[in-house]
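Asks: Prediction below, plus the sequence it came from.
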Amino acid sequence: MSIEIKPETERLVQEEIKKGHFHSVDEIIIEGVQARRQKQPAKPARATDRTTLSEFLLNSPLAGSELNIERDKNPGRTVQL
């Protein structure tokens, strides 16, 4: 793989290697990617993940909010078509 970086970025990378903080460019990239992953919150499950409704509700940001989500048992009114 070949990548292009700005001259100032290359200078920073070379400084970090020279100071002994990293041994290679590859090590810097891996460290950066891992740090980024740790900072990002876990992505919410998508419908394609096959999460059950109960799992979705338990993991919802609204879990524990005592929100009343009972279904109205009234079937509505009859409509003549």
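Replies: Sure thing, it's come through.

Asks: Which helix or strand lies directly C-terminal to the helix of greatest length in the chain?
Replies: With secondary structure taken from DSSP state H, the chain has its longest helix at helix 25-39. The helix or strand immediately downstream of helix 25-39 is helix 53-58, counting by DSSP states H and E.

Asks: Mean confidence (pLDDT) on that following helix, please.
Replies: Averaged across helix 53-58, pLDDT comes to 77.

Asks: re the thing from before, hmm, who's touching the longest helix of the chain?
Replies: Residues external to helix 25-39 that are found in contact with it (CB atoms under 8 Å, 6 or more residues apart in numbering): V13, E16, I17, F22. To be clear about C-beta, it is placed using only N, CA and C from the backbone, and glycine gets the same treatment.

Asks: Going by neighbour count, list what's buried in it.
Replies: For helix 25-39, a neighbour-count test (16 or more other CB atoms under 10 Å) marks I28 as buried.

Asks: The contacts of helix 25-39: which two are farthest apart?
Replies: Spanning the widest gap among the contacts of helix 25-39 are V13 and F22, at 8.1 Å by CB to CB.

Asks: Neighbours of N74, how many?
Replies: The local packing of N74 (other CB atoms under 10 Å) involves 6 other residues.

Asks: and if you look at R77?
Replies: Look at R77: counted by other CB under 10 Å, it has 5 neighbours.

Asks: Look up how far R71 lies from it.
Replies: Per CB to CB, to the nearest Å, R77 is found 17 Å from R71.

Asks: One more: I29?
Replies: 51 Å.

Asks: swap in I17?
Replies: Per CB to CB, I17 is found 61 Å from R71.

Asks: Give me the more crowded residue out of these two.
Replies: Neighbour count, other CB under 10 Å: between I17 and R71, I17 has more, with 15 against 5.
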